[in-house]
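Sequence first, predicted model second:
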Amino acid sequence: MWFPLFINFENKKVLVIGGGKIAAKKIGKILEYGANVTVVTENVVEEGLLQLENVKIENNRKIENDKSEIEKLVKGYFFVIVATDNEELNQNIAEICDSNGILVNNVSSKFKMNAMFGGIVKNDEFQIAVSTGGKNCRRSRAMKSEIQKILDKIEK
Ligand SMILES: C[C@@]1(CC(=O)O)c2cc3[nH]c(cc4nc(cc5[nH]c(cc(n2)[C@H]1CCC(=O)O)[C@@](C)(CC(=O)O)[C@@H]5CCC(=O)O)C(CC(=O)O)=C4CCC(=O)O)c(CCC(=O)O)c3CC(=O)O
Ligand SMILES: NC(=O)C1=CN([C@@H]2O[C@H](COP(=O)(O)OP(=O)(O)OC[C@H]3O[C@@H](n4cnc5c(N)ncnc54)[C@H](O)[C@@H]3O)[C@@H](O)[C@H]2O)C=CC1
């Protein structure tokens, strides 16, 4: 069951495995919250990542589907985002993180993770997160735009 929790990411060690389009989208979101991001990837597909000053990138590193290598890699991280295009590898990494008590988001699954992103709507005063619990994340768009209207008209 998915409990909505607000987490303080300020200076928290976050590992992103994979350097593609979806990794970049997720990194963009958490950087706004002060996370300390390291990317480990076989290739940086999304070149914009190289421009981000506060993101450490370990390029040309292919992660093998090997339990002890993965355990060594994720040790000490607060949150791991698995964002390769290899669904089986992503799932194995997610399971290893979960059994080691590490928060993990798996971009290639609807539920095989212990932490998922919500849609975010915010202004200076409020922050509202929307989730369908993995059932249909695209539906968040319609909900977000209705919430945006409420935020725009609510008395400040
Ligand atoms: C489970 C979850 C895990 C997680 O990612 O945390 C997940 C999983 C997957 N999403 C996929 C696809 C897309 N997701 C989006 C958009 C959003 N997805 C988000 C969250 C979540 N997505 C989590 C569930 C949250 C919930 O249930 O409410 C949002 C809220 C936040 C965010 O992305 O950070 C953001 C909403 C809008 C916003 O806020 O902007 C778009 C674009 C769009 O339509 O807007 C596309 C199409 C892209 C394309 O097609 O290129 C696929 C591949 C499916 C496939 O290949 O078919 C998977 C994996 C799967 O389904 O197996
Ligand atoms: N959650 C979401 O919002 C969405 C998720 N997806 C899913 O996200 C996944 C990734 O998609 P994209 O970013 O578009 O793919 P991509 O091909 O742009 O990026 C994949 C990245 O993973 C790296 N990689 C692959 N194998 C690796 C390994 N063994 N070790 C280290 N790095 C490795 C590649 O070098 C590349 O940087 C796909 O499985 C797709 O189904 C797709 C759309 C939206």
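Received it, and whenever you're ready, just let me know what you need. Quick caveat, the model's predicted, so the values are computed rather than measured. Ligands and ions are numbered 1, 2, ... in the order given.

who touches residue 67 in this structure?
92, 96 (C-beta atoms under 8 Å, 6 or more residues apart in numbering). Using the backbone N, CA and C atoms, a C-beta is placed for each residue, glycine as well.

Just the local confidence number for it, please.
We have a pLDDT of 98 for residue 67.

Ok, residue 54 next?
At residue 54, the pLDDT value in this model is 85.

residues near it, how many?
As a burial measure, residue 54 scores 9 neighbours (other C-beta atoms under 10 Å).

residue contacts, it?
Here residue 54 is in contact with 31, 36, 37 (C-beta under 8 Å, 6+ apart).

swap the cut-off to 10 Å and go again
31, 34, 35, 36, 37 (C-beta atoms under 10 Å, 6 or more residues apart in numbering).

And it, how far from residue 2?
Separation of residue 54 from residue 2 (C-beta to C-beta, to the nearest Å): 29 Å.

ok, which stretches of the chain are strands?
Secondary structure of the chain by DSSP state E: the strands cover 13-19, 36-44, 55-58, 79-82, 103-106, 119-122, 127-130.

Would you mind finding the most buried of those?
Highest mean neighbour count among the strands of the chain (mean count of other C-beta atoms under 10 Å): strand 79-82, with a mean of 27.

circling back to that earlier point, from the contacts of residue 54, which is closest to ligand 1?
Nearest to ligand 1, judged by C-beta to the nearest ligand atom, of the contacts of residue 54 is residue 31 at 12.6 Å.

How many residues are close by the closest one?
16.

Same question for residue 133.
Around residue 133 there are 12 residues (other C-beta under 10 Å).

wait, doesn't it sit right on residue 2?
Yes: if you go by C-beta atoms under 10 Å, residue 133 and residue 2 touch, sitting 4.9 Å apart.
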